[in-house]
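**Student:** Any chance you could fold what I've pasted below:
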Amino acid sequence: MASISKLSASSIAQSASSLRSTSRSSEQPMCCVDLRKKIAAFGIPLSSSKLTVRNAQPIRASLVVRCSKTDGNGTSMKKTTLHDLYEKEGQSPWYDNLCRPVTDLIPLIESGVRGVTSNPAIFQKAISTSSAYNDQFRELVQSGKEIESAYWELVVKDIQDACKLFEPIYDQTDGADGYVSVEVSPRLADDTTNTIEAAKWLHQWVDRPNVYIKIPATAACIPSIKEVIALGISVNVTLIFSIARYEAVIDAYLDGLEASELSDLSRVTSVASFFVSRVDTLVDKMLEKIGSPQALNLRGKAANAQAALAYQLYQKKFSGPRWEALAKKGAKKQRLLWASTSVKNPAYPDTLYVAPLIGPNTVSTMPDQALQAFLDHGSVGRTIDSNVSEAEGIYSALEHLGIDWSYVGSQLELEGVDSFKKSFDSLLDSLQEKANSLKLVSL
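**Tutor:** Next up, the predicted model:
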């Protein structure tokens, strides 16, 4: 297994060289991974990685990495729990956020982050709260671009720049890691045909080998996933909230690989983004409404139990004659990606949706809060299948209490799609207002 610790500083610096003009200064965060001396040697102006501590008892000093090792060439490389997560257990830690300047990602890459996920909500926050997009947006408006077209110009630039930073990881792992995800318009969640067209358009526009096109796992988009995979486009399937829908996603991936006319399937990869914390948010409310001691005792346990069973399904589906036939053509397994890993209930441990879900050939994408917590006090060890019988017991106990897993999945999918649509529409409205003001100023 390739190690990010063997990536030379020069390889990351070279990837970042074309992005230097976008770097800016910013206020120091409360706490960040202390890798600035190494990155400063690259000659790249650095701003904060925006990793802030949100624990009940904030850590006042900068994080201290666990140990220092060499990269095999006598160069000291700082190692973190994220490096251990990948090198010892085969799980890839990704960062669930993206904003300008993308060079803010460099300290995170050095700390062990191996990929990035984005979504409409992330871009809504990034573009609406930062002035870093103003110059490009002004040029787009003045050139006559429509608002939605301007939005995609802003997004694609960020995705392309981030892809460039992660190229060394992608190359060193022969396309197994180092991906950056960008989602099709959430307005297409119920549109099979236009989702396929949007995925093709985005893939061609970004034009980077390490881009993942995100497609939601709605019923309408399951056929889209198959078609896009068959075309040789790598996909991050998002908004998966139930085991039943997850199985449909796996089948769409396998169907797409089988329908592909490519002689070598090794460059078509995929992840299945299985959402976690949102499951507990909904199920906990249902359990509190039931109110019995047994129900209350199951709070905070539904999400990880279902995730553990999803991993069992993953192992089952990616084995046997059907999979072996595809593997002979170079096909790679569709990795499970744990999404929605930040803790919503402050009473729960801040690594609740990371530490119990560690297993080989998986991805954990973490927003600031979860990433900071795991870097600070996360422990590394295989946990995803350490107690499958307990997970089965919790899953069944919830069913006996009247928790309908089908309803949970459908409701969360509905809420997820609606949330992304609102973020998308809100941002377009904000951009329209900004465009109007720019036009008034120009008059």
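
**Student:** got a list of what the residue nearest to the spatial centre of the chain touches?
**Tutor:** Taking Cα atoms, centre = their mean, the centroid of the chain lies closest to residue 117, which sits 3.2 Å from it. Residue 117 makes contact with 94-96, 181, 214, 236, 273, 337, 339, 365, according to Cβ atoms under 8 Å, 6 or more residues apart in numbering. For the C-beta atoms, the positions are set from N, CA and C on the backbone; glycine is no exception.

**Student:** how close does it get to residue 210?
**Tutor:** 13 Å (Cβ to Cβ, to the nearest Å).

**Student:** Which of the contacts of residue 117 sits closest to residue 283?
**Tutor:** residue 339 (16.8 Å; Cβ to Cβ).

**Student:** Quick check: phi and psi at that closest one.
**Tutor:** Dihedral pair for residue 339: phi -120, psi 170, per degrees, to the nearest 10.

**Student:** low pLDDT regions in the stretch 51-200 of the chain?
**Tutor:** For the stretch 51-200 of the chain, the stretches with pLDDT under 70 are 51-77.

**Student:** Tell me which stretches of it form strands.
**Tutor:** 67-70, 76-79, 91-96, 116-117, 180-183 (DSSP state E, counting those that start in this stretch).

**Student:** Which one of those strands lies nearest to residue 141?
**Tutor:** strand 180-183 (22.0 Å).

**Student:** tell me what the closest one is packed against?
**Tutor:** strand 116-117, helix 147-172, strand 211-216 (3 or more Cβ pairs under 8 Å, 6 or more residues apart in numbering; DSSP states H and E).

**Student:** Out of the ones you listed, flag the one nearest residue 289.
**Tutor:** Going by Cβ to Cβ, the one of those nearest residue 289 is strand 211-216, 28.3 Å.

**Student:** Just the C-alpha atoms of the closest one, please, in CSV.
**Tutor:** Taking Å, rounded to 0.1, in the frame of the first residue of the first chain, the C-alpha atoms of strand 211-216 are listed here in CSV:
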residue,chain,number,x,y,z
VAL,A,211,-12.3,14.0,-10.0
TYR,A,212,-15.4,12.2,-8.7
ILE,A,213,-18.7,13.3,-10.1
LYS,A,214,-21.3,13.1,-7.2
ILE,A,215,-24.7,11.6,-8.0
PRO,A,216,-27.4,11.2,-5.4
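
**Student:** avg pLDDT for that strand?
**Tutor:** Averaged over strand 211-216, pLDDT sits at 98.

**Student:** Equivalent analysis for stretch 398-413, please.
**Tutor:** Mean per-residue pLDDT for stretch 398-413: 98.

**Student:** hmm, who's touching that stretch?
**Tutor:** 216-218, 239, 241-245, 275, 278-279, 282-283, 286-287, 290, 292, 294-295, 298, 302, 305-306, 395.

**Student:** Any of those buried? List them.
**Tutor:** 216-218, 239, 241-243, 245, 275, 278-279, 282-283, 286-287, 295, 298, 302, 305-306, 395 (16 or more other Cβ atoms under 10 Å).

**Student:** Looking at the residues you listed, which are in helices?
**Tutor:** 243, 245, 278-279, 282-283, 286-287, 295, 302, 305-306, 395 (DSSP state H).

**Student:** Now residue 290: closest residue in space that isn't a chain neighbour?
**Tutor:** Counting by Cβ to Cβ, 6 or more residues apart in numbering, residue 401 is the residue found nearest to residue 290 once chain neighbours are left out, at 5.9 Å.

**Student:** now residue 231
**Tutor:** residue 200 (6.8 Å).

**Student:** And residue 339, by the same measure?
**Tutor:** residue 273 (4.3 Å).

**Student:** And for that neighbour, the neighbour number?
**Tutor:** For residue 273, the neighbour count with other Cβ atoms under 10 Å is 28.

**Student:** Show me where the stretch 201-350 of the chain has its strands.
**Tutor:** 211-216, 235-240, 270-275, 335-339.

**Student:** Now distance to residue 258 too, for the ones you listed, in JSON lines please.
**Tutor:** JSON lines is the format used below for the strands of the stretch 201-350 of the chain (distance: least, Cβ to Cβ, whole Å):
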{"stretch": "strand 211-216", "distance to residue 258": "18"}
{"stretch": "strand 235-240", "distance to residue 258": "15"}
{"stretch": "strand 270-275", "distance to residue 258": "14"}
{"stretch": "strand 335-339", "distance to residue 258": "19"}
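
**Student:** Figure out which of those is closest to residue 310.
**Tutor:** strand 270-275 (5.4 Å).

**Student:** Could you give the average pLDDT over the closest one?
**Tutor:** Strand 270-275 carries an average pLDDT of 98.

**Student:** ok, and what's touching that strand?
**Tutor:** Taking Cβ under 8 Å, 6+ apart as the rule, strand 270-275 contacts 117, 179, 212, 214, 217, 229, 234-241, 246, 249-250, 253, 307, 310, 334-340, 363, 365, 412, 416.

**Student:** Can you say which of the helices and strands packed on strand 180-183 is packed in most?
**Tutor:** A comparison of the helices and strands packed on strand 180-183 by mean neighbour count, using mean count of other Cβ atoms under 10 Å, puts strand 116-117 on top with a mean of 28.

**Student:** closest one to residue 132 among the strands of the stretch 51-200 of the chain?
**Tutor:** Per Cβ to Cβ, nearest to residue 132 of the strands of the stretch 51-200 of the chain: strand 116-117, 16.7 Å.

**Student:** The closest one: how far from the chain's middle?
**Tutor:** Offset of strand 116-117 from its chain centre (Cα atoms, centre = their mean, to the nearest Å): 4 Å.

**Student:** quick one, phi/psi of residue 269?
**Tutor:** Per degrees, to the nearest 10, the backbone of residue 269 is at phi -130, psi 170.

**Student:** number of nearby residues for it?
**Tutor:** 22.

**Student:** for residue 366, same thing?
**Tutor:** Residue 366 has 27 neighbours, counted by other Cβ under 10 Å.

**Student:** ok, the closest residue to it other than its chain neighbours to residue 174 distance?
**Tutor:** Computed as Cβ to Cβ, 6+ apart, the closest residue to residue 366 that is not its neighbour in sequence is residue 341, at 5.2 Å. Using Cβ to Cβ, residue 341 is found at 27 Å from residue 174.

**Student:** Which one of the two is surrounded by more residues?
**Tutor:** When neighbours are counted by other Cβ under 10 Å, residue 341 and residue 174 differ, and residue 341 comes out ahead with 26 against 11.
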